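Asker: have a look; sequence and predicted model below, questions after that.
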Amino acid sequence: MNYPIYLDFNATTPCAPEVIEAMIPWFGEHFGNAASKSHPYGWVAENAVEEAREQIANLIGAQSKEIIFTSGATEAINLAIKGTFELYKGSKQHYITCQTEHKAVLDTMKALEEKGAEVTYLPVDREGNVNTSDLKSSIFPHTKMICLMWANNETGIIHPIEEIKAIAEENNIILFTDAVQAAGKIPISVKGVHLMAISAHKLYGPKGVGALYVRHNHSLPKPLAQVHGGGHEKGFRSGTLNVPAIVGFGKATELRMYEMQSESKRLEKLRDLLETKLLSIPNTFLNGSQNRLTHVTNIAFGGVEGEDLLRKICQKVAVSSGSACTSISPKPSHVLQAMGLDSDLGRASIRFSLGKNTTEQDVLDTVAWVEKVVGDLRGI
């Protein structure tokens, strides 16, 4: 198939060749169940899982025993939020999150509201930033969790996570962060965080595997399991482990430890080149601030219809108008709406996210194609 240029790395990333190579033996030669404790097939699989757990813990500054494997970030998010709600069942509960969180968080919070929880959805400014004063003033005696993402999936905006950590610690409240877009892209640390969700396929690992970091040796309680069956993963998440994917996840995090800094600088130069050239097109606007991930730009194109714009651009460049979960919706992005963009401009906004495979020629070809598409749609 003649694929277009791929600039949608926030949606997913290709498995690194080293990751694929590391995974292959675990589909065939080493096929054992990691929970089989009585023979070498299980022992070998379990050792591989524990090595991957250590690799993943190293990426975020955790202990290996604090890593709980899940089927992905969405499950990790549900475990963190719903597991905390069930822990406090029968008590008055209040949660704080943000209007620009991923739908996996927002929809889970809505489910909690239906069960009686109170939820505060913090607003953001026109650049997508959370005001920590708003966070402080939203805390009540019955606030159980602060749930704020590390970096936004649509704009790349990085939240003031150190300030947020300090507020949570000062008030002795569980802090849960969706670090899916940040892990492997920028240095992050679990210090001051109680729960953290990450995903393999956002950092050149396989799809279908993620992890929840659960803080140990702390007075704040841990969430209750949402999947029951055999007591796997220290009782937090039952089910036979996906050993090949977990091995791939571990290898991917190991690679990111070495590549992250140099790759971030390389992509920043390419992103800035792309952004500068696209913003030179009349009636275009940057959505977000400069305090963001170095590989992401979100640009609004005035004077065009959003669905036509996305469809035409994707003929030669694979991009999206929001998160992969909602990019097919004709509605404007909830993130951009929260930032104050009007509906027409929100629908005509494109997220360009670069990655390991992106070259300067890809950027130049993208600019040329976008200029043509926008010109044609404007009738220029």
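Answerer: Received it, and whenever you're ready, just let me know what you need. Numbers count the residues shown, from 1 in each chain.
Asker: alpha carbons only for contacts and neighbour counts from here, please
Answerer: Noted.
Asker: any idea where the strands of the stretch 101-250 of the chain begin and end?
Answerer: Taking DSSP state E, counting those that start in this stretch, the strands of the stretch 101-250 of the chain run over residues 118-122, 143-147, 174-178, 195-199, 210-214.
Asker: repeat that for the stretch 251-380 of the chain.
Answerer: 284-286, 296-301, 317-318, 349-353.
Asker: next, format those as CSV and append mean neighbour count, mean pLDDT and distance to I20.
Answerer: As requested, the strands of the stretch 251-380 of the chain are exported to CSV (neighbours: other CA atoms under 10 Å; pLDDT from 0 to 100; distance: least, CA to CA, whole Å):
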stretch, mean neighbour count, mean pLDDT, distance to I20
strand 284-286, 18, 97, 36
strand 296-301, 24, 98, 26
strand 317-318, 22, 98, 23
strand 349-353, 27, 98, 23
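Asker: for I186, which of those strands is the nearest?
Answerer: Among those, the nearest to I186 by CA to CA is strand 296-301 (12.6 Å).
Asker: helices or strands next to the closest one in the packing?
Answerer: The contact analysis (3 or more CA pairs under 8 Å, 6 or more residues apart in numbering; DSSP states H and E) places strand 296-301 against helix 243-279, strand 284-286, helix 343-347, strand 349-353.
Asker: looking at these, which is buried most?
Answerer: A comparison of the helices and strands packed on strand 296-301 by mean neighbour count, using mean count of other CA atoms under 10 Å, puts strand 349-353 on top with a mean of 27.
Asker: between the helices and strands packed on strand 296-301, which gets nearest to A22?
Answerer: helix 243-279 (6.3 Å).
Asker: contacts only, for the closest residue to T13 other than its chain neighbours.
Answerer: Of all residues not flanking T13 in the chain, Y204 sits nearest, at 5.1 Å (CA to CA, 6 or more residues apart in numbering). Applying CA atoms under 8 Å, 6 or more residues apart in numbering to Y204 gives the contacts 13-16, 19, 252.
Asker: which member of these is positioned nearest H94?
Answerer: T13 (35.6 Å).
Asker: might one say that that closest one is in contact with H201?
Answerer: Yes: using CA atoms under 8 Å, T13 is in contact with H201, at 5.9 Å.
Asker: hey, which of the strands of the stretch 101-250 of the chain is tucked in deepest?
Answerer: Most buried of the strands of the stretch 101-250 of the chain, by mean neighbour count (mean count of other CA under 10 Å): strand 195-199, with a mean of 28.
Asker: about what we covered before: out of the contacts of Y204, list just those in helices.
Answerer: 19, 252 (DSSP state H).
Asker: if we can go back for a sec, between T13 and H201, which has more neighbouring residues?
Answerer: For T13 and H201, the more surrounded residue by other CA atoms under 10 Å is H201, and the numbers stand at 26 against 22.
Asker: and that one, what does it touch?
Answerer: Contacts of H201 by CA under 8 Å, 6+ apart are 12-15, 207-209.
Asker: nearest residue to it in space, please, no chain neighbours.
Answerer: K207 (4.8 Å).
Asker: from S137, how far off is that neighbour?
Answerer: K207 sits 39 Å away from S137, taking CA to CA, to the nearest Å as the criterion.
Asker: which one of these two has more residues nearby?
Answerer: Each of K207 and S137 has its neighbours counted (other CA under 10 Å); K207 has more, 19 against 8.
Asker: quick one: residues contacting the more buried one.
Answerer: Residues in contact with K207 (CA under 8 Å, 6+ apart) are 72, 200-201, 245.
Asker: for it, phi and psi?
Answerer: Main-chain dihedrals, K207, degrees, to the nearest 10: phi -80, psi 160.
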